[in-house]
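# Turn this into a structure:
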Amino acid sequence: MTDETRGLGGAVGPPWSVDVLADLHAGVLSESEAAELWPRVNADPEARAIIEALDATSADLADLSAAPVPPMPAEVAARIDAALAQEQQARGGSNVVSIDAARKRRNRRAGWGAGFLAAAAAVVAAVVIVAPDASREETPGVAAPTPSVAVDSGQMNAAIGKVEGVRDFGPLENEQRLDACLEANGIDPVKQPVGITPGTIDGRDAVFVLYTTGELAQFRLVALAPDCGPDNPGLLKDEIIGR
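Residues are numbered from 1 along each chain as shown. Here you go, the predicted model:
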């Protein structure tokens, strides 16, 4: 077999080492080594096929890095806002970081990167986002666990982390009944909440509905009575958190 070593006076050639061809393609070999190998590679169909595959890969990576950066998924943005709001409330309402700094960090998260990093991050994000939803699917004949959300009306911020990302209509049973309650309270049901879950407020049964407001680390949390409906708004609390 032909010696595949290089740089030590040995010959390099068929069967070609992919590492050698990759180094040649990347331009990391010395000028003398490259000048010696290129004519032999160009004359060998198998070596040329590998070089062409490397060319195609480089072109794909260049196209990927130049592609528009996809926006951050709304659910991911909501989770970041929820974490910031909780931390701010835990510190007595003082700013944990400046709004400008927080927005810059969030915007950096919105850019999922370039090249393979962008593709890898997109796959990871898809798994993180989809997996929790899949886990909430109810199994026929088995009651879904009810999240424990018990808050005082003066500490509504404590519910954010427990409501965000959950979709459980509780005693309202379905989206149609929830929409009727929202309309009775003048809330547009077309606006999608980032969380719905049953619980209690001041000891009273309630269904919590959480919305983003478009402002960083700010949410609207609505608590509805379980018997709410078209003729009974049943509003227990409607508060903007993180002003």
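
# By average pLDDT, which secondary structure element in this structure comes out worst?
Every helix and strand of the chain was ranked by mean pLDDT, DSSP states H and E. The lowest is helix 115-135, at a mean of 42.

# Contacts made by the helix or strand just after that one with the rest, please.
The element immediately downstream of helix 115-135 (helix or strand, assigned by DSSP states H and E) is strand 150-151. Contact with strand 150-151 is made by 158, 159, 199, 200, 201, as judged by C-beta atoms under 8 Å, 6 or more residues apart in numbering. The C-beta positions use only the backbone N, C-alpha and C, and glycine is treated the same way.

# Next one: the second one from residue 234, what distance?
If I follow you right, that is residue 159. 17 Å (C-beta to C-beta, to the nearest Å).

# okay, those two: which has more neighbours?
Legend: neighbour count by other C-beta atoms under 10 Å for residue 159 and residue 234, higher for residue 159 (27 against 16).

# okay, the nearest residue to the more buried one once chain neighbours are set aside: pLDDT?
Leaving aside its sequence neighbours, residue 159 sits nearest to residue 151 (C-beta to C-beta, 6 or more residues apart in numbering; 4.7 Å). We have a pLDDT of 89 for residue 151.

# who's residue 151 bridged to?
Applying DSSP bridges to residue 151 yields these beta-bridge partners: residue 201.

# Please name the bridge partners of residue 229.
residue 232.

# Can you tell me how far it is from residue 184?
The gap separating residue 229 from residue 184 is 7 Å, by C-beta to C-beta.

# pretty sure residue 24 contacts residue 37?
Yes: assessed by C-beta atoms under 8 Å, residue 24 is found in contact with residue 37 at 5.5 Å.

# Can you give me the pLDDT of the closest residue in space to residue 163 that isn't next to it in sequence?
Distance criterion C-beta to C-beta, 6+ apart; nearest residue to residue 163, sequence neighbours excluded, is residue 195 at 3.9 Å. Per-residue confidence (pLDDT) for residue 195: 91.

# Could I get the contacting residues of residue 195?
So residue 195 contacts 163, 164, 165, 166, 167, 208, 209, 210 (C-beta under 8 Å, 6+ apart).

# partners of the residue lying closest to the fourth one once chain neighbours are set aside in the sheet?
Using C-beta to C-beta, 6+ apart and skipping the chain neighbours, the partner closest in space to residue 166 is residue 197 (4.3 Å). With DSSP bridges as the criterion, the beta-bridge partners of residue 197 are residue 208.

# Residue 197 contacts residue 162, doesn't it?
Yes: counting by C-beta under 8 Å, residue 197 does reach residue 162; the two are 6.9 Å apart.

# Return the subset of the contacts of residue 195 lying in strands.
208, 209, 210 (DSSP state E).

# which one of those residues is nearest residue 188?
Residue 188 lies nearest to residue 209 out of the ones in strands among the contacts of residue 195, by C-beta to C-beta, at 12.1 Å.

# what about that closest one, distance to residue 79?
Residue 209 sits 17 Å away from residue 79, going by C-beta to C-beta.

# So for those two, which residue has more residues nearby?
Remark: of residue 209 and residue 79, residue 209 carries more neighbours, 25 against 17, as counted by other C-beta under 10 Å.

# Noted, bye for now.
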